[in-house]
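**Q** Pasted the sequence and its predicted model underneath.
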Amino acid sequence: MSPQSTIEARKKAHLDASLNSDSRGKGAGLDGVHLPYDALFEVSDEQLDTHSKIAGIEIQFPLMIGAMTGGTSFATPFNNILRGLAQKYGIALCLGSMRACLNHSELLETYGTGDVDALFANLGASEISVYPPHIIEECCKRLGARGLFIHLNGLQEYMQDGGNKDFSISLDHLFRFLEKFHLPVLVKEVGSGIGGKCAQRLASLPIAGIETASLGGTSWIKIESSISQNPHDPAQIEALNQLGYTLEQSLRDCIHVLKPHQTLIASGGIVNAVEIIKCLAIGADLASIAQPFYAAWHKSGAEGIEYLIHEYIQLGRLVWRSTGCRNLERLKQLAVSS
């Protein structure tokens, strides 16, 4: 099997495994976060302003379709649909890892076509040591991306067959990359969260924001182990899968250290409109959701994805109005606690 065929097979296995309930975490864990409820619904739908910003780019509703896939032929129609719907509904979209098209420019089309105002590319932190910043930047522009997410995935790399077993990223290395890269850069985890001193150190860099990608959503530790030729002991995997930060912990840690211009994106097991609004009320600028969109595509195609986006936005507006807040600034001032 060629290297490209191997990558394509792994990407398909990743997506198929994500549909297995065993690969999902325990959810966003926000049941203890209570929103105020205005039975009068004094804020009408017409009065509600749901605009937000990601890396300085305005979006109509604080939602991002999170990174999923690209670099393989089966991803092309999926990414085309995501692009069209993200633009139609005025939300953000983060593409799957761009590593494949850095190696093979003919794979650019697998990341979809069509303009999206808030489109972001995505690349593993290990790769910024492999490719010069100007090459990555040029590829971002060819994808139509307005910025780049760098994902931190040390646990996943270790579990992945052929992965980087010695994953390590220094703050200095990230800073040197940022100095030479001219698009906004955000940093994300992939399922274990960002918090504590790591959040503080990242916030000290000239980044545009952080996506939490906390415990509770898709577990890449479990997925990689499930498709590995040399799977680890399930008890060990279960223990590793508990390392990191919950969504609420990540959000509260990041809120304290991020600068006003840096975007905070909540992700990690979010599956409904109430959870989206709870994250905003804690202090996030927007929420990111990924796996439910692929599950909708797998079940119902493009109609399933559009239905889900519509539900998140319309029910999100309803929940938002029920708090008595007219806009995101007011919603954040609630400072809800659990």
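**A** All right, it came through fine. Residues are numbered from 1 along each chain as shown.
**Q** Do you know the pLDDT at G27?
**A** Listed pLDDT for G27 reads 89.
**Q** Leaving out the residues flanking it, which one is nearest to it?
**A** G269 (4.5 Å; Cβ to Cβ, 6 or more residues apart in numbering). To be clear about C-beta, it is placed using only N, CA and C from the backbone, and glycine gets the same treatment.
**Q** My guess is that neighbour contacts G66. True?
**A** No. Counting by Cβ atoms under 8 Å, G269 does not reach G66; the two are 11.5 Å apart.
**Q** thinking I65 is in contact with R83, fair?
**A** No. In this structure, I65 is not within contact of R83 by Cβ under 8 Å, at 9.4 Å.
**Q** any common contacting residues for these two?
**A** L93 (Cβ atoms under 8 Å, 6 or more residues apart in numbering).
**Q** neighbour count winner among these two?
**A** I65 (25 against 21; other Cβ atoms under 10 Å).
**Q** helix, strand or coil for the most far-flung residue of the chain relative to its centre?
**A** The outermost residue of the chain, judged against the average C-alpha position, is L40 (34.7 Å), by Cα atoms, centre = their mean. State at L40, reduced to three classes by DSSP: H, G, I helix; E, B strand; the rest coil: coil.
**Q** Now it. Its backbone dihedrals?
**A** In terms of degrees, to the nearest 10, the main-chain angles of L40 are phi -80, psi -20.
**Q** Low-confidence bits of the stretch 51-200 of the chain, can you list those?
**A** Across the stretch 51-200 of the chain, nothing is flagged by pLDDT under 70.
**Q** which residues sit in contact with the residue nearest to R321 when sequence neighbours are not counted?
**A** Nearest residue to R321 in three dimensions, chain neighbours excluded: V43, at 4.8 Å (Cβ to Cβ, 6+ apart). Residues in contact with V43 (Cβ under 8 Å, 6+ apart) are R321, G324, C325, R326.
**Q** Count residues in the vicinity of the first one, would you?
**A** When you say that, I think you mean R321. 19.
**Q** which one of G269 and G66 has more residues nearby?
**A** Higher neighbour count among G269 and G66: G66, with 28 against 24, using other Cβ under 10 Å.
**Q** just checking, that one touches L286?
**A** No. Between G66 and L286 there is no contact under Cβ under 8 Å: 10.8 Å.
**Q** So A121: helix, strand or coil?
**A** strand.
**Q** Beta-bridge partners for it, please?
**A** Beta-bridge pairing for A121 (DSSP bridges): L148.
**Q** Can you get me a residue count around it?
**A** Residues near A121, counting by other Cβ under 10 Å, number 28.
**Q** residues in contact with it?
**A** C94, L95, M98, C139, C140, L143, A145, G147, L148, F149.
**Q** The last one reaches L123, doesn't it?
**A** Read that as F149. Yes. The pair F149 / L123 is scored as a contact, 7.4 Å apart, by Cβ under 8 Å.
**Q** The two: which has the busier surroundings?
**A** The neighbour comparison of F149 against L123 (other Cβ under 10 Å) goes to F149, with 30 against 23.
**Q** Compute the number of surrounding residues for the spatially closest residue to G66 that is not a sequence neighbour.
**A** In this structure, G66 finds its nearest non-sequential neighbour in A290, 3.3 Å apart by Cβ to Cβ, 6+ apart. A290 has 21 neighbours, counted by other Cβ under 10 Å.
**Q** Tell me how far A290 lies from L35.
**A** Note on A290: its distance to L35, by Cβ to Cβ, to the nearest Å, is 24 Å.
**Q** now swap in N80 and tell me
**A** Applying Cβ to Cβ to N80 and L35 gives a distance of 36 Å.
**Q** Please say which of the two ends up with more neighbours.
**A** L35 (20 against 17).
**Q** A strand includes that one, no?
**A** No. L35: not assigned to a strand; according to three-state DSSP it is coil.
**Q** Which helix or strand contains D172?
**A** Using DSSP states H and E, D172 sits within helix 171-180.
**Q** Name the residues that touch that helix?
**A** With contact meaning Cβ under 8 Å, 6+ apart, helix 171-180 is reached by 125, 128-129, 132-134, 150, 185, 187, 201-202, 204-207.
**Q** Report the buried members of these.
**A** When these are checked for burial by 16 or more other Cβ atoms under 10 Å, the buried set is A125, I128, P133, I150, V185, V187, L202, I207.
**Q** Turn the residues you listed into TSV, columns for distance to E306 and secondary structure.
**A** Listed next are these as TSV, based on distance: Cβ to Cβ, whole Å; DSSP: H, G, I helix; E, B strand; the rest coil:
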residue	distance to E306	secondary structure
A125	33	helix
I128	35	helix
P133	36	helix
I150	30	strand
V185	30	strand
V187	30	strand
L202	34	helix
I207	32	coil
